[in-house]
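**Student:** Have a look; sequence and predicted model below, questions after that.
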Amino acid sequence: MTLHAFRKHGLHRLTVALLCVLLVGSCDRQPPPAVVKAVASGVPSLAPFFDESSGLGQDAQVRSQPAHGSSLQQGSTPGLYGGTRKPTVCDVDKLTQFLTDPKNNRKAQEWARVVDIPQARIPAYLDRLTPVLLRHDTLVKNHDYKKEKAVPYDALLQAGIAVLVDEAGVPAVKCSCGNPLKPFKGDTDRISVEFEGDNKKWSDYDVDEVVLVRPAPGKVDRFALVDVDEPERGIYRQTGTKGEADKVFDTRERHRVPSLAGTTFGNASGQLTDLGLATAYDTDGLPPSNATVTGSNPPPGTSLPFGSYVTLTVHIESGTPDNGTGGSDGNDVTTPPGTTVPGSPGTTSPAPPSTSAPGSPSTSAPGPDTPAPSSSDPPPPSDPPDPSDSPDPSPPSSEPPPPVTDTPNSDPTSDPPSTPPEITSAPPDPPPPEPTPSPTPTPTPPP
């Protein structure tokens, strides 16, 4: 009996030990890296939305630039994208014609579904996009068109590919074929790039220089581009324009690093963007916009040329850095009503109408325009009042109650209350005295 119990207990302990080993082993396992298809500049797609020989766009030969600080870059970063004075980079008008042509109705339906807009809004959506050239090998989610369906796949677009970016600076359309683009969702440090067919590995490919573009903290008013033909010339391109109103500047002009300690990360990156400087950070991912900046490298006052990176030291009080898998990148932080959106000078978020004071826990709390109750008002009863003793209920109002007069229902147009209001100006008249009954006469007996 003792031996049997010992064997049973020993077998139980061995089973528990094996389970622990299996659990530890499973915790150490990581998911396989994301498979990403390489898309080389100038190489036609195998299943594009539109024939790439139709002249929708033209790629360029651009050497990929190193990404300082992190692979995650905000869409407003100066020098993130390139430009050219040639008008053939992206023909937005022709793409609009293709997507509104009745014979391409099925493609337009799928295109709009991917972009998540109604099909009728495609022209207005395209009008808000801006043509640029990639200066970095950039991760996106691309879409083929197969069997009348949009088929998504993760892709690495080579530097030099022409794209349309949205108002937050995120790639939205591959110009040469009209394929819609969406953000890559995955860890940028765990990718496996496949180079197949004509998309052979390009000579300057470096996995450590791959970029994933995150939305700018606010709407980008203009993009600061670098001319890919003459890097000493910069191009200011207004958002939603095609290059007809470009303004050039000298990228060799130097700018001083401002004092940024004590500001938020969103505000600091906006100030650097306005000066033509790029933002790097000392965290493992893109900090939330509300993270506090404690210092910068180089320090304030340092003179730097256009596009130089300034590394910000930040303290994160709430939220988590975005490592590329869709974490909190600061764009989910709600902007307080009436405040300026970081990175977008002059842009404010409207303050919604409210009857409560800012920060009050409930809309029933008195606001700044609501009069406080008078100290002479009687305290509320501890027990619910009898409905028969209460006046006709009405919705609460921020206006003070009207004074009670001795003439109830003075407004002839108002409905009379179910019970007359209490008269407070004079006491009620006393009831009339009851009459004294006369004595009943006693009958006299007959003689």
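**Tutor:** Thanks, I have the structure now. The structure displayed is predicted, hence computed values, not measured ones.
**Student:** What part of this structure, helix or strand, is modelled with the least confidence?
**Tutor:** Lowest mean confidence among the helices and strands of the chain (mean pLDDT, DSSP states H and E): helix 2-28, at a mean of 52.
**Student:** mind listing what's buried in the following helix or strand past that helix?
**Tutor:** Once helix 2-28 ends, the next helix or strand along the chain (criterion: DSSP states H and E) is strand 34-39. Residues 34, 36, 38, 39 are the ones in strand 34-39 that count as buried (16 or more other Cβ atoms under 10 Å). (Glycine included, C-beta is placed from N, CA and C.)
**Student:** And the average pLDDT for stretch 282-291 is what?
**Tutor:** Averaging pLDDT along stretch 282-291 gives 88.
**Student:** any low-confidence regions in the chain?
**Tutor:** Applying pLDDT under 70 to the chain flags residues 1-29, 69, 323, 325-447.
**Student:** What ranges does it have for its helices?
**Tutor:** Here the chain has its helices, by DSSP state H, at 2-28, 92-100, 105-115, 122-127, 265-275.
**Student:** contacts for the second one?
**Tutor:** The contact list for helix 92-100, computed with Cβ atoms under 8 Å, 6 or more residues apart in numbering, reads 50, 54-56, 104, 107-108, 111, 122-123, 126-127, 129, 131, 164, 173, 175, 178, 242.
**Student:** now residue 44, nearest residue through space, not along the chain?
**Tutor:** The spatially closest residue to residue 44, leaving aside those adjacent along the chain, is residue 52, at 4.4 Å (Cβ to Cβ, 6 or more residues apart in numbering).
**Student:** wait, doesn't that neighbour sit right on residue 177?
**Tutor:** Yes - between residue 52 and residue 177 there is a contact under Cβ atoms under 8 Å: 4.9 Å.
**Student:** Spit out the residues that contact the two alike.
**Tutor:** Taking Cβ under 8 Å, 6+ apart as the contact rule, residue 52 and residue 177 both touch 44, 45.
**Student:** And for the closest residue to residue 231 other than its chain neighbours, the neighbour number?
**Tutor:** With sequence-adjacent residues excluded and distances taken as Cβ to Cβ, 6+ apart, residue 231 is closest to residue 251, at 6.7 Å. Residues near residue 251, counting by other Cβ atoms under 10 Å, number 21.
**Student:** Would you quantify the distance from the closest residue to residue 87 other than its chain neighbours to residue 213?
**Tutor:** Once flanking residues are discounted, residue 87 sits nearest to residue 243: 6.5 Å by Cβ to Cβ, 6+ apart. Residue 243 sits 20 Å away from residue 213, going by Cβ to Cβ, to the nearest Å.
**Student:** Compare these two and say which is more crowded by neighbours.
**Tutor:** Shown here are residue 243 and residue 213; by other Cβ under 10 Å, residue 213 has more neighbours (27 against 19).
**Student:** residue contacts, that one?
**Tutor:** Residue 213 is in contact with 73, 74, 75, 80, 138, 169, 170, 171, 183, counting by Cβ under 8 Å, 6+ apart.
**Student:** ok, 6 Å please
**Tutor:** Residue 213 makes contact with 73, 75, 170, according to Cβ atoms under 6 Å, 6 or more residues apart in numbering.
**Student:** Could you tell me how many residues sit around residue 126?
**Tutor:** By other Cβ under 10 Å, 19 other residues sit near residue 126.
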